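Peer 1: I would like to see how this sequence folds:
(one chain, ligands or ions: 2)
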Amino acid sequence: MSDSAMQRGGASAPLGTSEDLDLSEVRDWFALLKPRVMTLVVFSGLVGLLVAPGPIHPVLAATAILCIAVAAGASGAINMWYDRDIDAVMRRTSNRPIPAGRIKPEAALSFGVFLAVASVVIMGLATNLVAAAVLAGSIGFYVFIYTMWLKRRTPQNIVIGGAAGAFPPMIGWAAVTGHVSIEAMAMFAIVFFWTPPHFWALSLYASGDYQRAGVPMLPVVAGAKETRRQIWLYSLLLVPVTLVPVAIGMSGLAYGAAAAVLGAFFLHYMWRVKRDVQDEAGRSLSNDAPARAAFRFSIIYLFALLTALAADILVFPA
Ligand code: HEM
Ligand SMILES: CC(C)=CCC/C(C)=C/CC/C(C)=C/COP(=O)(O)OP(=O)(O)O
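Peer 2: Residues are numbered from 1 along each chain as shown. Ligands and ions are numbered 1, 2, ... in the order given. I've put the predicted structure just below:
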């Protein structure tokens, strides 16, 4: 029996078939890629690719999307290797394959580095050097700038490091066009301003975890009240930024209307976070119900907004 199977099953557990063991090992390697977060990353890359002007062979398009997925997963694996100490003390992450002892740290690192290099090389061969360079840059941003440099040092980690997750639509765009234009930057800006409300909503109700792990997330360092204020400020910035595609003639009024309606909902959810019943220290008296709802909505919001953008551009081409 492998180490990992021993960890899971223990000596008294009934022996499974070898396929059972293999499957759970595969599941652990897959978990290193942070697949749930990857869904929206891949979707945003797909939207960037779909709205870009110009032809791309469907096989090359699929390869480019796969490279974005693999790169995001690879940087997630390297992040889990580096953060294994803090992941072990946070409730949300303590059962991840490395802190739970099911995958050795060095194996996870090699896996991540191999996939990262492969994704950039294949992106370069399948599309162009610009797309490959931005892909490499986003891996570097997530691994070096966010994970290794900022995450444990400053509550601005999310604002600056969050840029890593804003690159995929730009990469999709560059895969088709071979360059980075204002339209690509508009999509980057949307995800960039969306990230702080997305993450800080979660950090409000996960702040105990971050405190235990000594990670200086905003609620830990500046308190819940200040976090709510910053969530609201970034939300106010986000909504006009989502209208930039209309202002620059990238998309039409159908998208503009959808962005306005979705923006109104986004502000509604974030306003409820700001107005949550709190004690003097700003701690929620409602078990952070508004923050939980706002975090969930943030994900639906970005999926819907990007869908509206792609639909508008594809249905009503310029
Ligand atoms: C610095 C930036 C970001 C941070 C720190 C962050 C952090 C987090 C955390 C801690 C979770 C909870 C995951 C879990 O329960 O294990 C989460 C969920 C999620 N994030 Fe982010 N995020 C960031 C940016 C992004 C970006 C750019 C995207 C995509 C465009 C994204 C998409 C998602 C999705 C789809 C989920 C839900 C996953 C699920 O269903 O559990 N995040 N994020
Ligand atoms: C193409 C490419 C390379 C894309 C970048 C991938 C990506 C989704 C970046 C966003 C950053 C992110 C999910 C941080 C999670 O924070 P954390 O790592 O602190 O979360 P954790 O506490 O769950 O580990």
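Peer 1: get me the contact residues on the chain for ligand 1.
Peer 2: 36-37, 39-41, 44, 92, 146, 158, 161-162, 165, 191, 195, 198-199, 202, 299, 302 (CB under 6 Å from any ligand atom). Glycine gets a C-beta too; all of them are placed from N, C-alpha and C.
Peer 1: could you flag which of those are buried?
Peer 2: By neighbour count, with 16 or more other CB atoms under 10 Å, the residues of the chain next to ligand 1 hold 40-41, 44, 146, 158, 161-162, 165, 191, 195, 198-199, 202, 302 as buried.
Peer 1: what's the closest of these to ligand 2?
Peer 2: Ranked by distance to ligand 2 (CB to the nearest ligand atom), those are led by residue 165 at 3.1 Å.
Peer 1: for the closest one, give me its contacts.
Peer 2: Contact partners of residue 165, counting by CB atoms under 8 Å, 6 or more residues apart in numbering, are 41, 138, 142, 191, 195.
Peer 1: ligand 1: which of the buried ones among the residues of the chain next to ligand 1 is nearest?
Peer 2: Relative to ligand 1, and with distances defined as CB to the nearest ligand atom, the nearest of these is residue 165, at 2.3 Å.
Peer 1: now do that closest one against residue 80, distance only.
Peer 2: Distance of residue 165 to residue 80, given as CB to CB, to the nearest Å: 16 Å.
Peer 1: next: residue 303.
Peer 2: To residue 80, residue 303 is 25 Å away according to CB to CB.
Peer 1: same thing with residue 308?
Peer 2: 33 Å.
Peer 1: hang on, the earlier thing: so for residue 303 and residue 80, which sits in the more crowded spot?
Peer 2: Neighbour count, other CB atoms under 10 Å: between residue 303 and residue 80, residue 80 has more, with 25 against 15.
Peer 1: touching, the more buried one and residue 102? I think so.
Peer 2: No. Taking CB atoms under 8 Å as the definition, residue 80 is not a contact partner of residue 102, at 11.7 Å.
Peer 1: so where's the stretch 51-200 of the chain shaky on pLDDT?
Peer 2: Nowhere does the stretch 51-200 of the chain drop to pLDDT under 70.
Peer 1: enumerate the residues of it near ligand 2.
Peer 2: Proximity of the stretch 51-200 of the chain to ligand 2 (CB under 6 Å from any ligand atom) is limited to residues 68, 71-72, 75, 79, 83, 93, 138-139, 142, 151, 164-165, 168.
Peer 1: so which of the residues you listed comes closest to residue 219?
Peer 2: residue 151 (14.8 Å; CB to CB).
Peer 1: now that closest one, nearest residue through space, not along the chain?
Peer 2: Among residues not flanking residue 151 along the chain, residue 157 sits closest, at 4.8 Å (CB to CB, 6 or more residues apart in numbering).
Peer 1: contacting residues for the one you found?
Peer 2: 146, 150, 151, 216, 217.
Peer 1: from residue 164, how far out is it?
Peer 2: Distance from residue 157 to residue 164, by CB to CB: 11 Å.
Peer 1: between these two, what contacts are shared?
Peer 2: Shared between the contact lists of residue 157 and residue 164 (criterion: CB under 8 Å, 6+ apart) are residues residue 146.
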